[in-house]
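Colleague: Have a look at this prediction, sequence included:
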Amino acid sequence: MLSCHVSRHARLATSRGAASLTRPPVVLSQARLLSTKTSTTRPNLDQGPTNTATRHAWKLLTLRQSAFRQLSGAPLPQGKSRLLNFAYRTAAWFGSTIVVFGVGVVAFFLYDASTYKSHIPNGADIAVSQLALNPRTGGPKNLPILEVNLDDNDTEEMRRQKDKPKLVILGGGWGGVALLKELNPDDYHVTVVSPTNYFLFTPMLPSATVGTLELKSLVEPIRNIMQRVRGHFVRASAEDVDFSARLVEVSQLDCNGKQTNFYIPYDKLVIAVGSVTNPHGVKGLENCHFLKDINDARKIRNKIIQNLELACLPTTKDEERKRLLSFVVSGGGPTGVEFAAELFDLLNEDLTLHFPRLLRNEISVHLIQSRGHILNTYDEALSKYAEDRFARDQVDVLTNSRVSEVRPDSIIFTQQSEDGKSTITKELPMGFCLWFTGVSQTEFCQRLAAKLGDAQTNKHALETDTHLRLNGTPLGDVYAIGDCSTVQNNIADHIVSFLRSLAWKHGRDPENLELHFQDWRAVAEQVKKKFPQAVSHLKRLDKLFAEYDKDQSGTLDFGELRELLKQIDNKLTSLPATAQRAHQQGQYLAHKFNKLARAAPGLKANEIVEGDLDAAVYKAFEYKHLGSLAYIGNSAVFDWGDGWSLSGGLWAVYAWRSIYFAQSVSLRTRILLAMDWAKRGMFGRDLMSF
């Protein structure tokens, strides 16, 4: 029986992959000897072996059986009490959790302790150029010129970049940051000029006005972003540009509070200064709040909490309380809609927990929109969905309404009648008004446009060509991106000028020029290359040719071609003033600058230093709309374009958050965003003013 028992265990071990653990010959002999002996005189297994040889073999056999049992994976013996077994397992899991948590805490404190460093100056001299300490003066206004920075000699890498082409970026918004994140660090000597030393994640700014997100979660220091390109930051405001001398005039207050101006030289200049809110000529905008910067969000938050606190005072009369709790948003675009939604969430979710219930009944939120629908740039179904959600949440949407004056305690607006034939003037008491009705040029951009004269005809933004070069400036020197710029759509003028020069070159009169279908295809290919945004309007070349061949001659004369191109011009709309567009333009410039830097040695060797180098090296800018999204109070809408749209409840809110979470500029801001959302869920919003 014992021999069979040993053989069965051996076969089991072999079948489970333990064949490599074969027993030594001596052990096998002893096992056979024991088997032979037990076949005649079997010992009592309960009492164990009785003689020395048998006892030795028994021990070896017991050890071998234990090894086989561990290799086979058979369960260990269990106690009879299930409750006791459960207690053992619970204690083991609890103890393991405590150990893991404790190790994590200890590791964190060890890491934290390693971050405290003492940098004691060693007294050694630091190499700083005299031009950095005492810059020379020059330029049209004889101002100091920042030719050398204080940290140009700090490291070997920065010393190598001193002689690189000087790239100056005005602004630290979406366009400038996208350019910095994609630019090759070894190709340019980069300087960023901005009045603020942080990048602001503007899409989530409405959430910061009501405490859903903290202000610090939306900002990232510019110097952190610039580390990868080893750039230099100057906290100042751009005042003017001398295009002939390649000098940017900037200003800043010195330590005595006095404004000081100086020049920054450039080889390439990128203007990305953003925009300001469009006043539309309305009186009394000093009584409104705007939402363009982090300080605006702080002021709005303080004003909302202040109104709530004043409404609780026993000395506040009923009419005054209703006025204080009347919140007006002027502008039905994405920002205005999202702020109204965030404000409703605050009043509906947190106000009832910490303020008298009477306040909830007397609060009113009004959204004034000049168009027929809110979110008018979105799909019509999404606009209707948003209006229905606001109607359910008792947010008063006033469409076809235009504000004429904002007073300290009320807002005056005109609203069209239902038949659209007359207008009615109304007055709405209000304790708070947010003004967000489009964008306009900054004073700096207005000065540049006036200086460039006829090259700049747009009153709302700086005009660029399709390579984002500022019209009217030396080719390849100055670029403009983001809200401060617009890409000029002049297909007709460009192609007509091209054909005129081509006709005169071949000794033909342009007015008598006739294009066959093959010629028209060649012209269309040039249009697609020069103006990528027109590609969608040139899909059916044969249909367009037949439509504008008025005399059915089989050719397009000069007038017919001009009319065709003008119709395409009219169909091309201005690019949206969104973070998405600025981000794409910044990435485009970075890729083009990288390629220009790689091509520079070859161009120099061939003595090609002038001309349209941008077009020779890189393609024209093409904007790709990736969709629009908006939060409308515990729900969200998505518009992908071309009829694709989506709307929904909380699942859409989490999708909306996920998209912006992924677009956040750094790991630091992502962690802060996640912590803020978790804190709001567990503890609610902070109802404090600062």
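Modeller: Perfect, I can see it now.
Colleague: residue boundaries of the strands in the stretch 351-500 of the chain?
Modeller: When secondary structure is read from DSSP state E, counting those that start in this stretch, the stretch 351-500 of the chain shows strands at 364-368, 395-398, 401-406, 410-416, 423-429, 432-435, 439-440, 462-464, 478-480, 485-487.
Colleague: now what about the fifth one, what contacts it?
Modeller: Spelled out, it's strand 423-429. Taking contacts as CB atoms under 8 Å, 6 or more residues apart in numbering, the residues outside strand 423-429 that touch it are 322-323, 326, 328, 366, 401, 404, 409-417. All C-beta atoms are positioned from the backbone trio N, CA, C, and that covers glycine.
Colleague: what pairs with it, and is each one parallel or antiparallel?
Modeller: Strands adjacent to strand 423-429 in the sheet, as given by DSSP bridges, are strand 410-416 (antiparallel).
Colleague: List the residues that contact residue 263.
Modeller: Each residue near residue 263 by CB under 8 Å, 6+ apart is listed here: 138, 139, 143, 144, 145, 146, 242, 247, 248, 249, 250.
Colleague: which of those count as buried?
Modeller: 139, 143, 145, 146, 247, 248, 249, 250 (16 or more other CB atoms under 10 Å).
Colleague: how close does the fifth one sit to residue 596?
Modeller: In other words, residue 247. 22 Å (CB to CB, to the nearest Å).
Colleague: Kindly report the same for the second one.
Modeller: Using CB to CB, residue 143 is found at 30 Å from residue 596.
Colleague: helices and strands around the helix or strand that contains residue 616, which ones?
Modeller: Take DSSP states H and E as the rule and residue 616 turns out to sit in helix 613-617. In terms of contact count using 3 or more CB pairs under 8 Å, 6 or more residues apart in numbering; DSSP states H and E, helix 613-617 is assigned the packing partners helix 579-605.
Colleague: Show me which positions of the helix it packs on end up buried.
Modeller: 579-594, 596-597, 600.
Colleague: for the contacts of residue 263, which one is nearest residue 461?
Modeller: The shortest distance between residue 461 and any of those, using CB to CB, involves residue 248 and amounts to 19.3 Å.
Colleague: Show me the shaky parts of the stretch 551-690 of the chain.
Modeller: Applying pLDDT under 70 to the stretch 551-690 of the chain flags residues 558, 569-573, 609.
Colleague: re the thing from before, can you flag the weakest of the strands of the stretch 351-500 of the chain by average pLDDT?
Modeller: Least confidently modelled of those is strand 439-440, at a mean of 86 by mean pLDDT.
Colleague: Skipping adjacent residues, who's closest to residue 483 in space?
Modeller: Nearest in space to residue 483, with sequence neighbours left out and distances taken as CB to CB, 6 or more residues apart in numbering, is residue 275 at 3.9 Å.
Colleague: Which stretches in the stretch 201-350 of the chain count as strands?
Modeller: Along the stretch 201-350 of the chain, the segments classed as strands by DSSP E, counting those that start in this stretch run 219-221, 232-235, 237-242, 247-253, 259-265, 268-271, 276-277, 326-330.
Colleague: show me where the stretch 201-350 of the chain has helices.
Modeller: Listed in chain order, the helices of the stretch 201-350 of the chain (DSSP state H, counting those that start in this stretch) span residues 205-208, 222-226, 294-311, 318-324, 334-349.
Colleague: avg pLDDT for the fourth one?
Modeller: Averaged across helix 318-324, pLDDT comes to 93.
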